[in-house]
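Colleague: Sequence and predicted structure, then a few things I'm wondering about:
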Amino acid sequence: HARKTAIYVDLVARGAVQLRPGVARLLQDARAAGLTLAIATTTSPDNVLALLQATLGAGSPGWFACIGAGDVVPRKKPAPDIYHWVLRRLGLAAADCLALEDSAPGSAAAMAAGLPTVVTRSRYTAQDVLADSPLLRADLADLGSVGLADLRAWHAG
């Protein structure tokens with residue numbers, strides 16, 4: 001796992017890994033609007049920090065009120081543990097948040113934690129079968145044409 005992380009961090013540093021369309025713009029718009037941002041992932045902290053710094057800049061980890069990553073919880077997605085961990089640290093109720101996910105395990109974790117969820121599947125997760133849930137607000141190819149008004153409307157759902 002350490003070798004995999006080292007290879008990924010190197011690829012990210014060389015620019016071989018990019019954010020998906022619309023992600024950087026939405027993050028910047030959310031920051032400008034004063035929204036609380038957080039990350040709930042079960043990848044390693046090194047991977048998260050490398051991706052943020054390479055794609056959004058050196059100070060970008062500070063944009064997030066909480067980054068839940070790695071082994072801070074015993075069970076990985078699709079278990080909701082990482083979302084519960086982040087919500088506790090934020091002091092927010094799940095219903096007051098909106099999760100952006102990219103896979104069936106991720107969306108299952110978010111919805112099991114009670115978060116309204118928007119899914120943007122990647123080429124790696126395009127065939128994932130998503131759970132039928134009233135918390136699934138949208139299933140999109142990417143976030144390229146999505147704005148904060150769309151996210152707010154889906155959250156209000």
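Modeller: Right, received. Where do you want to start?

Colleague: On the three-state scheme, the closest residue to residue 77 other than its chain neighbours is what?
Modeller: The spatial neighbour of residue 77 that comes closest, neighbours along the chain excluded (C-beta to C-beta, 6 or more residues apart in numbering), is residue 109 at 4.0 Å. The way it works is simple: take the backbone N, C-alpha and C, and place the C-beta from them, glycine included. Secondary structure, DSSP: H, G, I helix; E, B strand; the rest coil: residue 109 is helix.

Colleague: Could you pull up the residues touching residue 109?
Modeller: Residue 109 makes contact with 40, 77, 78, 79, 80, 81, 82, 83, 101, according to C-beta atoms under 8 Å, 6 or more residues apart in numbering.

Colleague: repeat that with 7 Å
Modeller: Residues in contact with residue 109, defined by C-beta atoms under 7 Å, 6 or more residues apart in numbering, are 77, 78, 79, 80, 82, 83.

Colleague: for the worst-scoring helix or strand of the chain on mean pLDDT, packing partners?
Modeller: Using mean pLDDT, DSSP states H and E, the weakest-scoring helix or strand in the chain turns out to be helix 2-13, at a mean of 86. On a contact count with 3 or more C-beta pairs under 7 Å, 6 or more residues apart in numbering; DSSP states H and E, helix 2-13 meets helix 45-56.

Colleague: low-confidence ranges in this structure?
Modeller: For the chain, applying pLDDT under 70 flags no range at all.
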